[in-house]
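> Give me a 3D structure for the following:
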Amino acid sequence: MAFIAGRQLPESVVIANEVLDEVKNKKRKSFFFKADFEKAYDNICWNFLDSKMNKMGFSEKWRKWIQECLKTASISVLINGSPSQQIKMSKGLRQGDPLSPFLFLLVAEGLNGLIMKAVSKGLLEGIKVGKGELSISHLQFADDTLIMGEAKEENIWAVKCIMRSFELVLGLKINYAKSQLMGVNVEEEWLTRMASLLNCKIGTIPFKYLGTWVGGNPRNIMFWRELIESFEKKLAKWKGKYVSTGGRITLINSVLSSLPVFQMSTHLLPKGRQYPVNQMGIWEDGRWRWNLKWKRDLREWEKVMEKELLDAITPIQPNQGNEDKWLWILDSKAGYSTKSAYQFLTSRPHRTEEINTSHHSINEGCEEADEYQHAANN
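Prediction:
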């Protein structure tokens, strides 16, 4: 759960990834149900919150204070630009109130209790991981809930009953249109039938949990594409215009610090082999300025060649509307293929002769090497 001492958000993501990796490696049939709450704060039942606080040991004075904070809430409806009479609230938590997240956690603890009760009675079977076969049935962080277990129809029925009981008692509603059921090592027919039973969507793996991918390959550059694109969109409005070198560093740091980069807390960012054009320069005053980076310091004669290269490519302005891609000069639409290369070579007789000559030269060289080796052995 959130706001608990010693508990951090990335831990839930790491656990979800570890569980998923184990069931994949051991070929075990499992399911993951990602529950989405419908207007989480708006449907909180005040009576249940008070009852939960009583069971958790809150004194009557504390409970009265909380009830006073809740019952003083009121709303007005704008009619033709004029507010109507105030309407007293009978449920829900105030949006933006710093107390609301903590109160919501107390209510969400009710769902945790229902799941733990179902597990203890054998109604829901979690996923056993590790040498000690620790059973993990669910992960919760604020209003993000992930339920997991063995791929059995009895478990899906248990999840359905838990969710329905949660709705009736706590007042919260599950948005099944946005909730997802994912299967691992299960038949598509079974997954479709179980999703229909829960009346939810069929999800795919990898899937997102707490804003981070679960089950993806962090060594693949595509795993980080969404994070990179969000960073680029933040910087795209500036284009480096009227910003000095020091200002650019400050801008980049501020943009990075404002993005939710929990993904970088749980996975190592690989050294990508792809090097898109937009990393080779910067926009200044509406024009692209190349800024090539080299692995070592250039020698004097190399600097001359670099200047000639920049003079040649500076007039070339990248098209911001299209993504970078490789082009085969002989067929820019279809791209490179072995067939197009073969047709190009065979359509030019002198090129074929050069290839054949090179081929014969290689054979002659091999024969000479064999003769030399034979003479050396003798």
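> Next, residue 211: phi, psi?
Residue 211 adopts backbone torsions of phi 80, psi 10, taken as degrees, to the nearest 10.
> Could you point out which residue ranges in the stretch 251-378 of the chain have low pLDDT?
Along the stretch 251-378 of the chain, segments meeting pLDDT under 70 span 251-286, 316-337, 345, 348-378.
> Now do the contacts for the nearest residue to residue 42 once chain neighbours are set aside.
Spatial nearest neighbour of residue 42, chain neighbours left out: residue 92 (4.5 Å); criterion: C-beta to C-beta, 6 or more residues apart in numbering. Using the backbone N, CA and C atoms, a C-beta is placed for each residue, glycine as well. Counting by C-beta atoms under 8 Å, 6 or more residues apart in numbering, residue 92 touches 41, 42, 43, 44, 73.
> From residue 55, how far off is residue 140?
Residue 140 sits at a distance of 18 Å from residue 55 (criterion: C-beta to C-beta, to the nearest Å).
> These two: who's more crowded?
A direct count of neighbours by other C-beta atoms under 10 Å for residue 140 and residue 55 places residue 140 higher, at 19 against 11.
> so where does that one fall, helix or strand?
Counting by DSSP states H and E, the element that carries residue 140 is strand 138-141.
> Which neighbours in the sheet does that strand have, and how are they oriented?
Here strand 138-141 has these sheet partners by DSSP bridges: strand 144-150 (antiparallel).
> Identify, from the contacts of residue 92, the entry nearest to residue 306.
The closest of the contacts of residue 92 to residue 306 turns out to be residue 41 (C-beta to C-beta; 58.6 Å).
> Quick one: neighbours of that closest one, just the number.
Neighbour tally, residue 41, other C-beta under 10 Å: 19.
> Excluding chain neighbours, what is closest to it?
Nearest non-adjacent residue to residue 41, counting by C-beta to C-beta, 6+ apart: residue 93, 4.4 Å away.
> Give me the secondary structure label for that neighbour.
Reduced to three states with DSSP: H, G, I helix; E, B strand; the rest coil, the structure at residue 93 is coil.
> how many other residues sit next to it?
Look at residue 93: counted by other C-beta under 10 Å, it has 24 neighbours.
> now residue 294
Residue 294 has 8 nearby residues by other C-beta under 10 Å.
> Give the helix, strand or coil label for it.
Residue 294 ends up coil, using three-state DSSP.
> follow-up on the earlier one: kindly provide the whole-number mean pLDDT of the strand holding residue 140.
Strand 138-141 shows an average pLDDT of 86 in the prediction.
> can you list contacts of that strand?
Applying C-beta under 8 Å, 6+ apart, the contact partners of strand 138-141 are 1-2, 9, 12, 15-16, 108, 111-112, 115, 126, 145-148, 209-210.
> what about dumping the CA coordinates of that strand to CSV?
C-alpha atoms of strand 138-141 as CSV (Å, rounded to 0.1, in the frame of the first residue of the first chain):
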residue,chain,number,x,y,z
HIS,A,138,-2.4,-9.4,-5.1
LEU,A,139,-0.4,-6.2,-5.1
GLN,A,140,-1.9,-2.9,-4.1
PHE,A,141,-0.6,0.7,-4.2
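> related to what we said a few turns ago, state the distance from the residue nearest to residue 42 to residue 104.
Distance from residue 92 to residue 104, counting by C-beta to C-beta: 10 Å.
> pLDDT wise, what is residue 228 at?
Per-residue pLDDT puts residue 228 at 68.
> same deal with the one 5 residues further on?
pLDDT for residue 233: 68.
> One more: the one 5 residues further on?
Each residue has a pLDDT score; the one for residue 238 is 54.
> And for residue 64?
Residue 64 carries a pLDDT value of 88.
> Against which helices or strands is the helix or strand it falls within packed?
Assigned by DSSP H and E, residue 64 belongs to helix 60-71. Applying 3 or more C-beta pairs under 8 Å, 6 or more residues apart in numbering; DSSP states H and E, one finds that helix 60-71 makes contact with helix 46-55.
> Helices along the chain, start to end?
For the chain, the helices defined by DSSP state H cover 9-25, 46-55, 60-71, 100-120, 153-170, 188-198, 225-236, 245-258, 263-266, 300-313, 338-346, 349-377.
> Now do the fifth one: which elements does it pack against?
The contact analysis (3+ C-beta pairs under 8 Å, 6+ apart) places helix 153-170 against strand 30-35, helix 100-120, strand 144-150, strand 173-174, helix 188-198.
> Where neighbours are concerned, which of the contacts of residue 92 has the most?
Busiest of these [other C-beta under 10 Å] is residue 44, holding 22 neighbours.
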